[in-house]
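>>> Mind looking at a prediction? Sequence and model below.
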Amino acid sequence: MKIRLGYVSHAISLWDASPAKTLTYTRYQQLSASERVEKLLEVTRLNLRHTLRMLYYNLAHEIELYRFSSSIVPLATHPEVRWDFTTPFEKEWREIGDLVKKNHLRVSFHPNQFTLFTSPKQSITENAVIDMTYHYQMFEAMGIENQGLINIHIGGAYGDKAAALSRFYQNLTTLPAPIKKVMTLENDDKTYTAEETLWVCEKEGIPLVFDYHHHMANLSRTSLEDLLPRIFETWSTVGVIPKIHISSPKNEKEFRSHADFVDSEFIMPLVNLLRELGKDVDFMIEAKAKDQAALKLVEDLSKLRGFKRVSGASLEI
């Protein structure tokens, strides 16, 4: 079996390369009409340039998985701003997408925790659709809307998990079908366990991005050994290698917080179960040290018996 590793958003090894430079609404309001347009274009152009730098860095290090920043476009979903961020940058978006396609990179987005479909407030659901649409539009601008995936959590329980899940199914019907088609769900560390999230994924035909760290903080009743084959099966709907989020606790007291790097001992129980399954899998590293954590974990695992490093960021077991 083969494991590929990737990281989130920002290669910290690169100097001044954040793809998430910001423009706050407060600052935006202080500008004149012409300055507002100029500033939106300036920040977006810089973020797109840094995103491209990240992809070339990934290619140089043979990192095939990458999660784009959700903050490439400032104020893209703000109700008082929402602007056309694709037309002025058609060339830049397409250049990023062409690089992804040419090199068969696996890319994704992960909107923030406020993008959810369980809220009793209609405005929250409407904003979730707006945010999912924003991410999908970025994929469309890149020309990879049929291969990039958008990952979110189920959301809150609001004191009644059954009622919240019922709302989830109903509210999800407001999401345009093409966007739902590229949507994935992830188990969380406090509310919805991997098993509960799996039930939703199986019902809706949505792939499950399993987060091992979240699972260890919020255990399911069913064993992971029994859950993994079903989790992998949810990916058959999109015909893509299953993806798992990997991180380890900062310390015992702050168990839910991510450490800078990934402790290989912490993830070995999972790796051993995956080895028994014998199927290829992708690891998205969510450690604070980002690209450095991904490359270090490859190095650490490659030292173990039965593990062979076959590229900059992949292993065979």
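Alright, I've got the coordinates. Numbering: from 1, shown residues only.
>>> Can you show me the helices along this protein?
For the chain, helices defined by DSSP state H occupy the ranges 25-29, 33-60, 90-102, 122-142, 161-172, 177-180, 194-204, 212-217, 224-233, 264-277, 290-302.
>>> who wins for proximity to N112 among those helices?
Among these, the nearest to N112 by Cβ to Cβ is helix 122-142 (7.9 Å). Yep, even glycine has a C-beta here, placed from its N, CA and C like the rest.
>>> Also compute the angle for the closest one relative to helix 90-102, please.
Helix 122-142 and helix 90-102 are oriented at 80 degrees to each other (axes from the mean of the first three to the mean of the last three Cα atoms, to 10 degrees).
>>> what comes up buried for helix 122-142?
Neighbour-count burial for helix 122-142, counted by 16 or more other Cβ atoms under 10 Å, picks out 124-125, 127-129, 131-142.
>>> Over stretch 304-316, what's the mean pLDDT, rounded is fine.
Across stretch 304-316, the average pLDDT comes to 97.
>>> returning to what we had before: and the helices of the chain: which comes nearest E80?
helix 25-29 (7.2 Å).
>>> which parts of that closest one are buried?
Buried, per 16+ other Cβ under 10 Å, within helix 25-29: Y28.
>>> I would like the residues contacting that helix, please.
R36, K39, L40, L75, H78, E80, V81 (Cβ atoms under 8 Å, 6 or more residues apart in numbering).
>>> Could you dump those residues into CSV with distance to L48, neighbour count and pLDDT added?
As requested, the contacts of helix 25-29 are exported to CSV (distance: Cβ to Cβ, whole Å; neighbours: other Cβ atoms under 10 Å; pLDDT from 0 to 100):
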residue, distance to L48, neighbour count, pLDDT
R36, 19, 18, 97
K39, 15, 16, 98
L40, 12, 22, 98
L75, 15, 22, 98
H78, 19, 14, 96
E80, 23, 8, 95
V81, 18, 15, 96
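>>> What is the most widely separated pair among these?
K39 and E80 (14.7 Å).
>>> Same list as before, the contacts of helix 25-29 that is, but in CSV and with distance to T115 included.
Output for the contacts of helix 25-29, formatted as CSV (distance: Cβ to Cβ, whole Å):
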residue, distance to T115
R36, 25
K39, 25
L40, 22
L75, 16
H78, 14
E80, 19
V81, 18
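>>> now, which of those sits nearest T24?
When these are ranked by distance to T24 (Cβ to Cβ), L75 comes first, at 8.4 Å.
>>> what's that closest one sitting at in phi/psi?
phi 60, psi 30 (degrees, to the nearest 10).
>>> any idea how far P19 is from it?
16 Å (Cβ to Cβ, to the nearest Å).
>>> ditto for S264
28 Å.
>>> Of those two, which one has the most company?
P19 (22 against 17; other Cβ atoms under 10 Å).
>>> okay but that one is in contact with H10, surely?
Yes - contact criterion Cβ atoms under 8 Å: P19 and H10 qualify, at 6.4 Å.
>>> where do the contact lists of the two overlap?
With Cβ under 8 Å, 6+ apart as the test, P19 and H10 both reach M54, S69.
>>> Give me the distance between the two termini of stretch 247-264.
9 Å (Cα to Cα, to the nearest Å).
>>> Buried ones in that stretch, by neighbour count?
Within stretch 247-264, the residues scored as buried using 16+ other Cβ under 10 Å are S247, S248, P249, H258, A259, F261, V262, S264.
>>> Stretch 92-108 now?
E92, W93, E95, I96, G97, L99, V100, L105, R106, V107, S108.
>>> and if you look at stretch 159-176?
A164, L165, R167, F168, N171, L172, L175.
>>> what does stretch 268-288 give?
Residues L270, V271, L274, D280, V281, D282, F283, M284, I285, E286, A287 are the ones in stretch 268-288 that count as buried (16+ other Cβ under 10 Å).
>>> give me the number of residues near the residue nearest to the first one when sequence neighbours are not counted?
Distances taken as Cβ to Cβ, 6 or more residues apart in numbering put Y212 closest to L270, at 5.0 Å, once the chain neighbours are dropped. Other residues lying near Y212 total 22 when counted by other Cβ under 10 Å.
>>> for the one 10 residues further on, same thing?
By the measure other Cβ under 10 Å, the count of residues near T222 is 13.
>>> mind listing what the nearest residue to S9 once chain neighbours are set aside touches?
Excluding its sequence neighbours, the residue lying closest to S9 (Cβ to Cβ, 6+ apart) is S69, at 4.3 Å. With contact set as Cβ under 8 Å, 6+ apart, S69 has these partners: S9, H10, P19, A20, N47, T51.
>>> got a pLDDT number for the first one?
At S9 the predicted local confidence, pLDDT, stands at 96.
>>> which residues touch the residue nearest to L65 when sequence neighbours are not counted?
Nearest in space to L65, with sequence neighbours left out and distances taken as Cβ to Cβ, 6+ apart, is G6 at 2.3 Å. Applying Cβ under 8 Å, 6+ apart to G6 gives the contacts 58, 63-67, 106, 282-285, 294, 313.
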